[in-house]
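In: Got a sequence here, can you model it:
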Amino acid sequence: MMIRDMFADDINRKINGVIKVDQAAEDVIEQELNEYVITRELKKHFITFFNYYGDAFDQPTADMGVWISGFFGSGKSHFLKMLSYLLENKEVKGIRSVERFRKKFEDDPATFMLIDRATKGQMETILFNIDIEGFSNKDKTAVLRVFAKMFYSHLGFYGENLKVAMMERYIDQQGKTEEFRRVFEEKKGKSWLEMRRAFAFNGKFIIPTLMEVLDMSEDDAKAWFNDKTTTEISIAQLVEDMKAYVDTKPSNFRLLFMIDEVGQYVGTDTDMLLNLQSLTEKIGSECEGKIWVICTGQEAIDEIIKVRADEFSRIQARFKTRLSLSSSSVDEVIQKRILKKKSEAAKELEGVYEQNDSVLRNLFSFSGLILDIKGYSGPREFTENFPFVPYQFIIMQKVFAEIRKHGNSGKHLSGGERSMLSGFQEAVQKIQEKDEYALVPFFRFYDTVHTFLDGSIRRVIERCQKAADNGDGIEQQDVDVLKLLYLIRYIDDIPSNLDNIVILMADDIRVDKIIMRENVRGCLDRLMSQNYIGRTGDTYNFLTDEEQDIQREIKDTNVDTASIVERIAQMIYGDIFTTKKFRYGKYDFAFDQMVDGITVGAAIGGMCLR
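Out: Take a look at the predicted model:
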């Protein structure tokens, strides 16, 4: 059976590697909702959040802040986005989000009831990435201005320019929005919504419109139009506007600000933190749980405020609900989203495992391992992970983390489920034409990280590839071994000795380890002779351009045997064994000193210490 025919979902379908909160295409949203995997860890977070959120309907609360933290790619943005769809109970292609989640909680109806009850109220969510929506001049009030922009835009006003938004809000309160837009269009010939962005250039149409609609004098209208201070807003004023809005709604109404990347935006800037704290505090005390603020950040809130903990204890009190996501269930996500098999494929794979049980155990026996890195434990694990091996999930997370840590320009490399997702999907696609005995060798993951790497790394591998294409003493398999050595370069858990490299290169269950061992040994010898890799004891290591130069110089340095012997003799007879004569009874006898068959110092031809 061909690998591509084994999967329940098409392996070549487009999957969003990284979730962006501002992607609103219906097809994207439908795929995200349908394929969202609720792992054991995420289930706990859903329960924590909905317990807290549900209680707030019965009891007004000022603690309406939620902080979601986790490393790159631990799924923060995805979790935030799913929460927003659930809370708003968004309808996508005729099905409500809560209904789509019903089957995800089939095994836990109590949690589903909790979610269902909490989403019965009337909700509106304002979901945005603060890094994208924020203003470039990050001053003390940057957070307040982004909140104001997003709130007024949500109400249909022009949030990009607070002066325009305030004017539109005032006109709206007077009940004259339609009239204002009609009069402006008569004067300008274009609609207000189209022209409000160029507000500053349309004074000669806006001033007479204001005079006519709001009954202002020409002087007042001009004075207002030219007044620069009207763009400023205070926390009190914004929260007052928010409260006025939610007060017009029923008692079970909730407005949720769901903000991605707040941790990154605020960083350790104490002014912006203070701004966030004051705003959250004011919303909490004034709106009593009708407005919620849900933020994500790579660091937990306590990490961010370590700077001046005493000053920021109040912000911690506001963000009482804290959810910390990890990338620990990455294998669960990949198994369910990519590797889920059709029932006939699962049966066939179980049969393959039964026949090759001992072969597989022998194939994945690593030497000198530190970690619990292993092959398959039984037919079920084989079927779930095929064509991957369980150890690859563990090592791949470490590879992502190390590449990011060692600079290699992979700083923006998202390291958890999201890029792992695309990495595993791309690796399967490369061997989709093969049969049920094929495996994904570890070097296949190189292409996933290739684009994030430093030039100095890429150049080495590209040069090696070119040599293989031109037949300059390098073969294609040598390039694959070189890619593998780069991937495991920083991972101490797997020593890069010959035996382990053979296991990591295995691309078929039926591979003959002895033949493969000789092939890999040949690859390593060729790579060493061309200086792509170095060797320390029995472990091999990838060399960057700079390291290759150093290795070349070491190779080209001729060392005279006599000076080596002289140095060893100096260490032994000068530092370690400093006795010059051998004592027998009461007599002392001189002796000759030798190293490697060469006499050191003057020879007397008597006794000899070799």
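In: contacts and neighbour counts: CA atoms only from here.
Out: Noted.
In: Tell me if S74 really is in a helix.
Out: No. With DSSP: H, G, I helix; E, B strand; the rest coil as the criterion, S74 is located in coil rather than a helix.
In: shouldn't it be in contact with S326?
Out: Yes. S74 lies in contact with S326 (Cα atoms under 8 Å); the separation is 5.3 Å.
In: higher neighbour count, those two?
Out: S74 (23 against 19; other Cα atoms under 10 Å).
In: pLDDT score for the more buried one?
Out: pLDDT recorded at S74 is 70.
In: Check the secondary structure at R322 for me.
Out: Put simply, R322 is strand when judged by three-state DSSP.
In: my guess is it meets V66, correct?
Out: Yes. Between R322 and V66 there is a contact under Cα under 8 Å: 5.8 Å.
In: which element is V293 on?
Out: strand 291-297 (DSSP states H and E).
In: what does that strand contact?
Out: 64-70, 76-77, 80, 246, 254-264, 280, 283-284 (Cα atoms under 8 Å, 6 or more residues apart in numbering).
In: Tell me which of the residues you listed fall in strands.
Out: Secondary structure assignment (DSSP state E) places 65-70, 254-260 from these within strands.
In: Go through those and name the one with the lowest pLDDT.
Out: Among the ones in strands among the contacts of strand 291-297, G70 has the weakest pLDDT, 76.
In: That one contacts R322, correct?
Out: No. G70 lies out of contact with R322 (Cα under 8 Å); the separation is 10.8 Å.
In: Distance of M516 relative to Q477?
Out: 11 Å (Cα to Cα, to the nearest Å).
In: helix, strand or coil for I491?
Out: Put simply, I491 is coil when judged by three-state DSSP.
In: Now do the contacts for it.
Out: K398, V399, E402.
In: Can you name the two of the ones in strands among the contacts of strand 291-297 that sit furthest apart?
Out: G70 and R254 (26.1 Å; Cα to Cα).
In: For the stretch 451-600 of the chain, which segments are assigned as strands?
Out: Secondary structure of the stretch 451-600 of the chain (DSSP state E, counting those that start in this stretch): strands at 533-536, 539-542, 581-584, 587-595, 598-600.
In: and those, which is most packed in?
Out: Highest mean neighbour count of these: strand 539-542, a mean of 20 (counted as mean count of other Cα atoms under 10 Å).
In: who does that strand touch, helix- and strand-wise?
Out: Counting contacts by 3 or more Cα pairs under 8 Å, 6 or more residues apart in numbering; DSSP states H and E, strand 539-542 packs against helix 476-487, strand 533-536.
In: Tell me which of those sits most buried.
Out: helix 476-487 comes out most buried of those by mean count of other Cα under 10 Å, with a mean of 21.
In: neighbouring contacts of that helix?
Out: Contacts of helix 476-487 (Cα under 8 Å, 6+ apart): 399, 442-443, 446, 461, 464-465, 468-469, 496, 501, 504-505, 520, 523-524, 526-527, 532-533, 540-542.
In: can you check stretch 216-225 too?
Out: Applying Cα under 8 Å, 6+ apart, the contact partners of stretch 216-225 are G203, I207, P208, L210, M211, T230.
In: mind showing which ranges of the protein have poor pLDDT?
Out: 16-24, 71-73, 230, 268, 299-318, 327-329, 368-373, 404-419, 452, 548-549 (pLDDT under 70).
In: ok, A236 - contacts?
Out: K282.
In: Kindly report the same for A142.
Out: Applying Cα under 8 Å, 6+ apart, we find A142 in contact with G134, F135, M272, N275.
In: Excluding chain neighbours, what is closest to the third one?
Out: Computed as Cα to Cα, 6 or more residues apart in numbering, the closest residue to M272 that is not its neighbour in sequence is K140, at 5.4 Å.
In: Next up, the contacts around that neighbour.
Out: Contacts for K140 (Cα under 8 Å, 6+ apart) come out as D271, M272, N275.
In: Out of those, which is nearest to I334?
Out: The closest of those to I334 turns out to be M272 (Cα to Cα; 37.8 Å).
In: Now the closest one: which helix or strand?
Out: Assigned by DSSP H and E, M272 belongs to helix 270-287.
In: what's the offset of that helix from the middle of its chain?
Out: When C-alpha coordinates are averaged (Cα atoms, centre = their mean, to the nearest Å), helix 270-287 and its chain have centres 29 Å apart.
In: Could you list the buried residues of that helix?
Out: For helix 270-287, burial by neighbour count (16 or more other Cα atoms under 10 Å) applies to 270-284, 286-287.
In: any idea of the angle that helix forms with strand 65-70?
Out: Here helix 270-287 runs at an angle of 140 degrees relative to strand 65-70 (axes from the mean of the first three to the mean of the last three Cα atoms, to 10 degrees).
In: Can I get helix 270-287 in PDB, CA atoms only?
Out: Taking Å, rounded to 0.1, in the frame of the first residue of the first chain, the C-alpha atoms of helix 270-287 are listed here in PDB:
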ATOM      1  CA  THR A 270       7.500  49.500  33.000                       C
ATOM      2  CA  ASP A 271       5.500  52.500  31.700                       C
ATOM      3  CA  MET A 272       3.500  50.200  29.300                       C
ATOM      4  CA  LEU A 273       3.100  47.600  32.000                       C
ATOM      5  CA  LEU A 274       1.700  50.300  34.300                       C
ATOM      6  CA  ASN A 275      -0.600  51.400  31.500                       C
ATOM      7  CA  LEU A 276      -1.900  47.900  31.100                       C
ATOM      8  CA  GLN A 277      -2.300  47.500  34.800                       C
ATOM      9  CA  SER A 278      -4.200  50.700  35.300                       C
ATOM     10  CA  LEU A 279      -6.500  50.000  32.300                       C
ATOM     11  CA  THR A 280      -7.200  46.400  33.400                       C
ATOM     12  CA  GLU A 281      -7.800  47.500  36.900                       C
ATOM     13  CA  LYS A 282     -10.200  50.300  35.900                       C
ATOM     14  CA  ILE A 283     -12.200  48.000  33.500                       C
ATOM     15  CA  GLY A 284     -12.400  45.400  36.400                       C
ATOM     16  CA  SER A 285     -13.700  47.900  39.000                       C
ATOM     17  CA  GLU A 286     -16.100  49.800  36.700                       C
ATOM     18  CA  CYS A 287     -17.600  47.000  34.500                       C
END
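In: Now do it: everything it contacts.
Out: Outside helix 270-287, the residues touching it (Cα under 8 Å, 6+ apart) are 61-65, 139-144, 235-236, 239, 243, 266, 291-293, 312, 314-315, 318.
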